[in-house]
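Need the 3D shape of this:
(one chain, ligands or ions: 1)
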Amino acid sequence: MNRRRALLSIAPALAFSTWLPRAWAQTIPRASAVPGGVARVRLGAAAAAPRAHLGNDRLLVVREGDEWIALVGIALATKVGTKLKVEAERASGTLERFDIPVGPKQYAAQHLKVPPGQVDLSPEDLARYERERVHLAAVLGTFSEAPPATLAMLQPVPGTRSGTFGLRRYFNGQPRSPHSGMDIAAPTGTPVVAANAGRVVDSGDYFFPGRTVVLDHGQGLLSLYSHLSAIEAGVGDAVTAGAPIGKVGATGRVTGPHLHFAVYLNAVAVDPALFLPA
Ligand SMILES: [Zn+2]
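Residues are numbered from 1 along each chain as shown. Presented below is the predicted three-dimensional model:
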């Protein structure tokens with residue numbers, strides 16, 4: 001189908017101010033169009049779900065009452081002021097475009113001084129890291145058509161949640177990747193449960209994240225659990241929300257036992273706290 005010919009309208013920028021704050025607070029995920037956040041795009045009423053894209057990535061589309069809503073994960077690296085271009089295609093072929101302005105969000109910075117040479121990987125480790133990075137990027141780009149039964153998630157282990165999602169890390173002044181998940185402190189051996197119903201799409205023992213399980217909840221919503229001491233789910237397994245999938249540990253590059261819990265939407269890490277009970 002010719003997309004240009006099908007383009008009938010360009011929707012104006014989202015009218016965030018028209019949303020009821022109360023309804024907003026009750027909605028999971030809690031939406032905010034900021035780096036590391038989730039934007040909500042109202043696609044209007046239709047019998048069949050529209051397909052929505054951000055660039056080449058399909059977006060999660062859910063029904064709310066009469067209306068379809070696209071949920072857009074916004075990458076931490078997105079510059080404030082960027083206008084994300086979301087395209088929605090109705091079953092009829094009608095194409096609509098939405099501009100989503102990305103607002104400011106300040107994440108904390110952490111500066112670490114380490115002996116020179118200690119932050120650099122050996123050529124072997126670097127090659128392994130590169131292979132694993134490519135593999136995990138492919139896994140986290142999974143898009144399966146079946147929508148999630150719910151967007152609300154369970155905290156996968158009891159314990160104190162660190163608010164370190166998005167933390168900007170510097171080693172000897174050199175920027176590293178920002179922290180892509182939430183760390184939950186818990187002793188080694190504590191059972192880790194699936195935050196939401198889904199299917200195991202990957203498990204492995206990786207250089208930085210250690211023993212890791214990735215669940216696909218549908219439509220590009222995934223969750224990742226790292227540093228496990230044990231993995232108790234196999235690739236392809238269907239799991240229910242709350243089902244055990246492994247145990248807390250300190251595998252990979254960590255200083256102590258904890259769960260690294262991350263949530264991905266359209267292949268970008270978003271703040272897991274947006275999906276958890278307040
Ligand atoms: Zn972490």
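
only C-alpha atoms for contact and neighbour calcs from this point on.
Will do.

Per-residue pLDDT of the closest residue to the ion within the stretch 51-200 of the chain, please?
Closest to the ion within the stretch 51-200 of the chain is residue 183: 4.7 Å, counting by CA to the ion. Looking at residue 183, its pLDDT reads 96.

Also residue 66?
Note on residue 66: pLDDT of 89.

what helix or strand is residue 105 on?
Residue 105 belongs to no helix or strand when assigned by DSSP states H and E.

my bad, should have said residue 81
Here residue 81 sits in a region with no helix or strand, counting by DSSP H and E.

Quick check, it in contact with residue 102.
Yes: Residue 81 is within contact range of residue 102, at 5.2 Å (criterion: CA atoms under 8 Å).

Look up the residues forming beta bridges with the nearest residue to the residue of the stretch 51-200 of the chain closest to the ion once chain neighbours are set aside.
For residue 183, ignoring the flanking residues on the chain, the nearest one in space by CA to CA, 6 or more residues apart in numbering is residue 260 at 4.6 Å. Counting by DSSP bridges, residue 260 is bridged to residue 183, residue 226.

which ones are touching whichever residue of the chain sits closest to the ion?
Closest to the ion within the chain is residue 260: 4.2 Å, counting by CA to the ion. Residue 260 makes contact with 181-184, 224-227 under the criterion CA atoms under 8 Å, 6 or more residues apart in numbering.

mind redoing it with 7 Å?
Residues near residue 260 by CA atoms under 7 Å, 6 or more residues apart in numbering: 181-184, 225-227.

For the residues you listed, give me JSON lines that also has neighbour count.
Shown next, in JSON lines, are those (neighbours: other CA atoms under 10 Å):
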{"residue": "181", "neighbour count": "28"}
{"residue": "182", "neighbour count": "24"}
{"residue": "183", "neighbour count": "22"}
{"residue": "184", "neighbour count": "21"}
{"residue": "225", "neighbour count": "31"}
{"residue": "226", "neighbour count": "31"}
{"residue": "227", "neighbour count": "28"}
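
Make CSV out of the residues you listed and add distance to residue 175.
Shown next, in CSV, are the contacts of residue 260 (distance: CA to CA, whole Å):
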residue, distance to residue 175
181, 17
182, 19
183, 20
184, 24
225, 24
226, 22
227, 23
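
Low-confidence bits of the protein, can you list those?
1-26, 117-118 (pLDDT under 70).

let's go with 50 and repeat that
Applying pLDDT under 50 to the chain picks out residues 1-25.

near the ion, which residues of it show up?
The chain comes close to the ion at residues 183, 260, as judged by CA under 5 Å from the ion.

Give the next helix or strand downstream of the longest helix along the chain.
Criterion DSSP state H: the longest helix present in the chain is helix 123-140. The helix or strand immediately downstream of helix 123-140 is strand 168-171, counting by DSSP H and E.

Output the contacting helices and strands for that next one.
With contacts defined as 3 or more CA pairs under 7 Å, 6 or more residues apart in numbering; DSSP states H and E, strand 168-171 has these neighbours: strand 109-112.

Touching the strand it packs on from outside, list them.
In contact with strand 109-112 (CA under 7 Å, 6+ apart) are residues 167-173.

Could you save those as TSV and add columns showing neighbour count and distance to residue 202?
Shown next, in TSV, are the contacts of strand 109-112 (neighbours: other CA atoms under 10 Å; distance: CA to CA, whole Å):
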residue	neighbour count	distance to residue 202
167	19	26
168	19	27
169	18	27
170	16	29
171	16	30
172	13	34
173	11	34
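
tell me how far the ends of stretch 158-175 are from each other?
31 Å (CA to CA, to the nearest Å).

If you could redo that for stretch 228-244, that was the one I meant.
This stretch, stretch 228-244, spans 12 Å end to end (CA to CA).

Off-centre distance for that stretch?
On the basis of CA atoms, centre = their mean, to the nearest Å, stretch 228-244 sits 19 Å off its chain's mean C-alpha point.

just to revisit the earlier point, tell me the two of the contacts of strand 109-112 that are most distant?
Using CA to CA, the contacts of strand 109-112 span at most 15.8 Å, a distance reached by 167 and 172.
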